[in-house]
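**Student:** return a 3D structure for these sequence lines:
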Amino acid sequence: MSESLLARHRAVMPSWLALYYDEPIEIVSGRGRHVTDAAGNTYLDFFAGVLTNAIGYDIAEISDAIRRQVDSGVLHTSTLYLIRKQVELAERIGELSGMANPKVFFTNSGTEANETALMLATQHRRSHQVLALRNSYHGRGFGALGVTGNRGWSASALSPFEVSYVQGGYRYRSPFRDLSDADYIAACVEDLREVIETTTSGDVACMIAEPIQGVGGFATPPDGLFGAFAEVLEEYGILLISDEVQTGWGRTGEHFWGIQAHGVTPAAMTFAKGLGNGLAIGGVVAEAELMDCLTANSISTFGGNPVSTGGAAAALEYLLDHDLQGNAAKLGGRLLDGLRAHAERCGLIGDVRGKGLMIGIELVEPGTRTPAPAAAGRVMELAKQRGLLVGKGGLHGNVLRLAPPMTLTEDEAGQALQILTETTSLAEQELHR
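**Tutor:** Presented below is the predicted three-dimensional model:
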């Protein structure tokens, strides 16, 4: 680590811009699923730039597409002009959306995508009432923070929305946690109906929900929950927005979009992260009636620019051509099975959850459900020492988040499983000293 770079970072960057590790690293190169820091240390990357480097590093097909656009001399034109790559990518995403008559609007990030979807829904319904889930996270913008149900990421109580929060996303600490899947869903549906009837005036604009809560620690509800929610929402004319910023593009293995596990097609889906494999791109795909409801002009200066849409199109085709969704299902299943077997022997692990290559390991004080955030930090340090980078999240900062590039190999999955088994066991032993 460069001490001077860390000092310079602290001098000019906000204090709330967190860095991982006791000795933060600067990543200077990458290939496949591995990255190398400025000191020459190489790591297996199991967080992929917060799920963004979904294909991996130094992928020729994606880099070549970006170079071709750069070589044209045109990096930007704005949405005031026709952009062929933007139209082609929108057509492809529309085909994959499962919607009857989809339209696509591109942004620069998931935050912007969620802000756009919320703007569309509230305009369409002429209401600023929104339903969201407890423990949720939807971005850094004013509106997105306003619907975030996680205190650790809610920087302000001010909001452009009237928000009511419902149960369901985070089962491990839910009062309904010990119910069967069917009874859990029934209890959450009853809660949803009661929230609508008691805390709103009925004319709610939308519900926004992550099929798997990302920042919330990869909290994973039972399949079918949002389908059951959708039946209630339809009674009141409430739109469903699926925040697919982390669950999209096949990462969950079972489905291309996370919401598909619940047997419902939402009015809108937001996306970002993995689509660009590191490029800044996000967006909304929505039914045309909803997308076209704005009555004022709007543009996105950088959204859908030729470089980002060209690179994203190459990333999407690579993902489809190489069946990375299938790879996520196969290797994610191996990791989940191995981690759950280890959890039976390791009291530090309270819960192992997720789907595909989107896995959360919730750490607790052994024998309890008391969060163990210090242990999560310790496991991260121990894993880094052994050449593995993982993420962290959850309401209490006690959940290890695993989301490697979807090109992960069998050998790399085995290596990561061994390191995680060793480091969680060692961290548990240290607690007893």
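**Student:** next, the buried residues of the helix or strand hosting Ile185.
**Tutor:** Per DSSP states H and E: Ile185 is located in helix 181-199. Neighbour counts over helix 181-199 (16 or more other Cβ atoms under 10 Å) mark 184-185, 187-189, 191-192, 195-196 as buried. For the C-beta atoms, the positions are set from N, CA and C on the backbone; glycine is no exception.
**Student:** again with stretch 131-151
**Tutor:** 131-141, 143-150.
**Student:** and the end-to-end length of it?
**Tutor:** Length of stretch 131-151, first residue to last, Cα to Cα, to the nearest Å: 17 Å.
**Student:** with stretch 38-46 instead?
**Tutor:** Stretch 38-46 end-to-end distance (Cα to Cα) = 19 Å.
**Student:** got the contact list for that stretch?
**Tutor:** The contact list for stretch 38-46, computed with Cβ atoms under 8 Å, 6 or more residues apart in numbering, reads 1-2, 5, 25-26, 28, 30, 33-37, 53, 57, 384, 387-391, 402-405, 412, 415-416.
**Student:** which of those residues are buried?
**Tutor:** 25, 30, 33-37, 53, 57, 384, 388-391, 402-405, 412, 415-416.
**Student:** where exactly do the helices run in this structure?
**Tutor:** According to DSSP state H, the chain carries its helices in the segments 3-12, 48-51, 60-71, 84-97, 110-125, 142-146, 181-199, 225-236, 288-291, 306-321, 324-343, 373-385, 410-431.
**Student:** quick one, which of those is packed in tightest?
**Tutor:** Of the helices of the chain, the one with the most neighbours on average (mean count of other Cβ atoms under 10 Å) is helix 110-125, at a mean of 24.
**Student:** so where's this protein shaky on pLDDT?
**Tutor:** Across the chain, residues meeting the criterion (pLDDT under 70) sit at 1-2.
**Student:** centroid-nearest residue for it?
**Tutor:** The residue lying closest to the centre of the chain (Cα atoms, centre = their mean) is Gln246, at 2.3 Å.
**Student:** for the closest residue to that residue other than its chain neighbours, the count of nearby residues, please.
**Tutor:** In space, and not counting its chain neighbours, Gln246 is closest to Gly214: 3.8 Å by Cβ to Cβ, 6 or more residues apart in numbering. Residues within reach of Gly214, counting by other Cβ atoms under 10 Å, total 26.
**Student:** ditto for the one 10 residues further on
**Tutor:** Look at Gly224: counted by other Cβ under 10 Å, it has 16 neighbours.
**Student:** hang on, the earlier thing: isn't the residue nearest to Gln246 up against Gly248?
**Tutor:** No: with contact defined as Cβ atoms under 8 Å, Gly214 does not reach Gly248; the gap is 11.1 Å.
**Student:** show me the contacts for Gln86.
**Tutor:** With the criterion set at Cβ under 8 Å, 6+ apart, Gln86 makes contact with 79, 106, 304-306, 309.
**Student:** who's in contact with the nearest residue to Arg31 once chain neighbours are set aside?
**Tutor:** The spatially closest residue to Arg31, leaving aside those adjacent along the chain, is Asp58, at 4.6 Å (Cβ to Cβ, 6+ apart). With contact set as Cβ under 8 Å, 6+ apart, Asp58 has these partners: 30-32.
**Student:** and if you look at Asp351?
**Tutor:** Here Asp351 is in contact with 172, 343, 360-362 (Cβ under 8 Å, 6+ apart).
**Student:** pull up the gap between it and Glu430, please.
**Tutor:** With distances taken as Cβ to Cβ, to the nearest Å, Asp351 is found 21 Å from Glu430.
**Student:** just Leu17 next, same as before
**Tutor:** Leu17 is 29 Å from Glu430, by Cβ to Cβ.
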